[in-house]
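1. Sequence below, structure please.
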Amino acid sequence: MAKRRNFSARFKARVALEALRGKHTVSELAARYEVHPNLISTWKKRAREVLVDVFASKVEKGPKPSEAKTRELYAKIGELTVEKDFLSKVLDR
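-> Have a look, this model is predicted:
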């Protein structure tokens, strides 16, 4: 059984950029780098999708899901702290 090859991100990026430049066909690149043409097409498509995000402004991107969740949790912590302080003052009387 043939062992599956793993390609580094740097290698994928280099091949995808060459494919995006269009100087060589996908078949030529596949022969040169000894990978299947479908892989190059997949890497090229992924590069196009991700490239848009690189140039998007922060306003377009919006907060990351983890940032939004963190803000929500900090708000809840503040709310519970105020409630605890209020109840401790009332019970101390």
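
2. which is the next helix or strand following the helix or strand of the chain with the lowest mean pLDDT?
-> Between all helices and strands in the chain, the lowest mean by mean pLDDT, DSSP states H and E belongs to helix 58-61, at a mean of 61. Sequence-wise, the next helix or strand downstream of helix 58-61 (DSSP states H and E) is helix 65-92.

3. what does the domain assignment say about this protein?
-> Split into domains by automatic domain parsing, the chain comes to 1-57, 63-93.

4. Need the winner for burial among those.
-> Of all the domains of the chain, domain 1-57 has the most neighbours on average by mean count of other C-beta atoms under 10 Å, namely a mean of 12. All C-beta spots, glycine's among them, are computed from the backbone N, C-alpha and C.

5. That one - what's its average pLDDT?
-> Averaging pLDDT along domain 1-57 yields 91.

6. host element of the residue nearest the centre of the chain?
-> By C-alpha atoms, centre = their mean, the mean C-alpha position of the chain lies nearest to V50, the distance being 8.1 Å. Element membership for V50 (DSSP H and E) is helix 37-55.

7. and that helix, what other elements does it pack with?
-> helix 9-21, helix 26-33 (3 or more C-beta pairs under 8 Å, 6 or more residues apart in numbering; DSSP states H and E).

8. Which of these sits closest to K69?
-> Closest approach to K69 among these (C-beta to C-beta): helix 9-21, 27.4 Å.

9. contact partners of the closest one?
-> H24, V26, L29, Y33, V35, I40, S41, W43, K44, R46, A47, R48 (C-beta atoms under 8 Å, 6 or more residues apart in numbering).

10. Leaving out sequence neighbours, find the closest residue to the last one.
-> With C-beta to C-beta, 6 or more residues apart in numbering as the measure, L20 is the residue that lies nearest to R48, at 7.3 Å, once sequence neighbours are left out.

11. what separates the spatially closest residue to P37 that is not a sequence neighbour from N38, distance-wise?
-> The spatially closest residue to P37, leaving aside those adjacent along the chain, is A30, at 4.3 Å (C-beta to C-beta, 6+ apart). Counting by C-beta to C-beta, to the nearest Å, the gap between A30 and N38 amounts to 9 Å.
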